[in-house]
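Participant: no sequence on hand, only this structure:
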Ligand SMILES: [Zn+2]
């Protein structure tokens, strides 16, 4: 039986000193969690503060290739998207596996033990199909296994090029053709071929109401069949304008009328919402995934995190475009952006931010048994230095407001130690990233 001794651990009620945990190696779950206990011989010692595994609820792995390459002009979201399309057009299953393996290894170094991959890079350039129609999805699954984290593959339906500002529909352009299936039934047939594994689960996604007609949404809800259903919602004011012109309602209203809102639904971004949208999301039980470092990088705006939280909408976090990979920074961004928007401090307690990073995130990805250090939960652990230049002197309950991804020193994920002394078992992740991005 594997056992760990934590100098301090974040248990369901907050940080507690001297916690010994044992793991049932067959089921990969915590067999015992005992506070106030001395280390025993054979325990692996985890110094600092040990958190449950972090969940990155919204990832597009291939966007990692854009980091540090999109800042040389006064580019908007839409010019950034053009650069992203250029990267998308160059990937095949092998190069995607290499890039995603390196990108996921970076996530693991930052303490992420479960990632929600919002996957729409389905087909060969220009359209058509690979011999295995899910070759790109399987590349992502292999990458997650190699990097040592759990995966929820959110297979996104993508059917058209977009909406015009006056309500018309845009055809797929050359790059977008590889995102698209022939129609929603062809999408559903392909998704039906995807199977869960021990370390990966399958969910679905509506790319957005820009890329998916409202009439197709009920078929996607049926295909979800209770599994996670994620959708980009109201990231940019232009999207609201276009959806209003096409359907006479906000994206949240149109999704609600299409039956897409429920407890398994996650609205990603939800930056530009009306008060009615917030009430609708709260009534439906849907959650919201905030991606603060992406939303500020793309100048999307500041989402209504405080109002959503007050309405009881579960909040989670995503690295989205991987311009920053640091769940502490995402969590802090939620509180700090709310301070800038309101002129007041203190909207989210440290425990609320940790819940976004851990238990709530895992629930949103369809892993409700993960994200907590308690008996029966999956045995993921993230040990964070409390003596670094950033964290020295911080109170444990406020560490989330001081720590960075670089303070993660040990990660236990999907059944093993994958990071020790801040080194990933795959070796130098910077080199892996450089080699994968260079082409
Ligand atoms: Zn996204």
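Facilitator: The structure has been received and is ready for your questions. For clarity, every value in this text was computed on a predicted model and none was experimentally measured.

Participant: can you count the residues close to residue 433?
Facilitator: If you count neighbours by other C-beta atoms under 10 Å, residue 433 ends up with 20. Just so you know, the C-beta spots here come from the backbone N, C-alpha and C atoms, and that holds for glycine as well.

Participant: ok, for it, nearest residue in space, not its chain neighbours?
Facilitator: Of all residues not flanking residue 433 in the chain, residue 102 sits nearest, at 4.4 Å (C-beta to C-beta, 6 or more residues apart in numbering).

Participant: does the one you found touch residue 428 like I think?
Facilitator: No - contact criterion C-beta atoms under 8 Å: residue 102 and residue 428 do not qualify, at 10.2 Å.

Participant: hang on, the earlier thing: show me what the helix or strand encompassing the residue nearest to residue 433 is packed up against.
Facilitator: In the assignment (DSSP states H and E), residue 102 maps to helix 93-109. Counting contacts by 3 or more C-beta pairs under 8 Å, 6 or more residues apart in numbering; DSSP states H and E, helix 93-109 is packed against strand 54-59, strand 112-119, helix 135-147, strand 408-413, strand 416-420, strand 423-424, helix 429-437.

Participant: quick one on the thing from earlier: so how far is residue 380 from the residue nearest to residue 433?
Facilitator: Distance of residue 102 to residue 380, computed by C-beta to C-beta, to the nearest Å: 21 Å.

Participant: also residue 196?
Facilitator: Distance from residue 196 to residue 380, by C-beta to C-beta: 18 Å.

Participant: among the two, which residue is more densely surrounded?
Facilitator: residue 380 (30 against 15).

Participant: wait, the more buried one touches residue 415, no?
Facilitator: No - applying C-beta under 8 Å as the test, residue 380 and residue 415 come out as separate, 9.1 Å apart.

Participant: check residue 75 and give its pLDDT.
Facilitator: Per-residue confidence (pLDDT) for residue 75: 66.

Participant: one step back: so who does the residue nearest to residue 433 touch?
Facilitator: 64, 429, 432, 433, 435, 436, 437 (C-beta atoms under 8 Å, 6 or more residues apart in numbering).

Participant: just among those, which is most surrounded?
Facilitator: residue 64 (24 neighbours).

Participant: state the distance from residue 283 to residue 244.
Facilitator: From residue 283 across to residue 244, the span is 21 Å (C-beta to C-beta).

Participant: more neighbours: the two, which one.
Facilitator: Neighbour comparison, residue 283 and residue 244: the larger count goes to residue 244, with 17 against 13 (by other C-beta under 10 Å).

Participant: please name the nearest non-neighbouring residue to that one.
Facilitator: That would be residue 250: by C-beta to C-beta, 6+ apart, it lies 6.8 Å from residue 244.

Participant: and for residue 410?
Facilitator: Residue 410's closest residue in space is residue 383 (C-beta to C-beta, 6+ apart), at 4.1 Å.

Participant: repeat for residue 155
Facilitator: Residue 155 sits nearest to residue 191 (C-beta to C-beta, 6+ apart), 4.9 Å away.

Participant: that neighbour and residue 223 touch, don't they?
Facilitator: Yes - with contact defined as C-beta under 8 Å, residue 191 reaches residue 223; the gap is 5.8 Å.

Participant: need the contact partners of the worst-scoring helix or strand of the chain on mean pLDDT.
Facilitator: Between all helices and strands in the chain, the lowest mean by mean pLDDT, DSSP states H and E belongs to helix 77-88, at a mean of 79. Outside helix 77-88, the residues that touch it by C-beta under 8 Å, 6+ apart are 62-63, 65-66, 69-70, 73, 75, 121, 175-176, 178-179, 235-236, 298-300, 321.

Participant: tell me the contacts of the closest residue in space to residue 28 that isn't next to it in sequence?
Facilitator: In this structure, residue 28 finds its nearest non-sequential neighbour in residue 415, 4.9 Å apart by C-beta to C-beta, 6+ apart. Each residue near residue 415 by C-beta under 8 Å, 6+ apart is listed here: 25, 28, 379.

Participant: what stretches of this protein score poorly on pLDDT?
Facilitator: Within the chain, the stretches with pLDDT under 70 are 72-75.

Participant: show me where it has helices.
Facilitator: With DSSP state H, the ranges of helices along the chain come out as 77-88, 93-109, 135-147, 184-191, 217-224, 237-247, 251-257, 275-284, 292-297, 305-310, 327-342, 350-357, 359-364, 429-437.

Participant: what angle separates the least confident helix or strand of the chain from helix 429-437?
Facilitator: Helix 77-88 runs at 80 degrees relative to helix 429-437, counting by axes from the mean of the first three to the mean of the last three C-alpha atoms, to 10 degrees.

Participant: report the angle between helix 77-88 and helix 237-247.
Facilitator: Using the same axes, to 10 degrees: helix 77-88 against helix 237-247 is 90 degrees.

Participant: from the chain's centroid, how far away is helix 77-88?
Facilitator: 20 Å (C-alpha atoms, centre = their mean, to the nearest Å).

Participant: show the contacting residues for residue 289.
Facilitator: Contacts of residue 289 (C-beta under 8 Å, 6+ apart): 57, 58, 230, 266, 267, 268, 269, 315, 316, 317, 318, 364.

Participant: of the residues you listed, which belong to strands?
Facilitator: Mapping the contacts of residue 289 onto strands (DSSP state E) picks out 57, 58, 230, 266, 267, 268, 269, 315, 316, 317.

Participant: sweet, I'm off.
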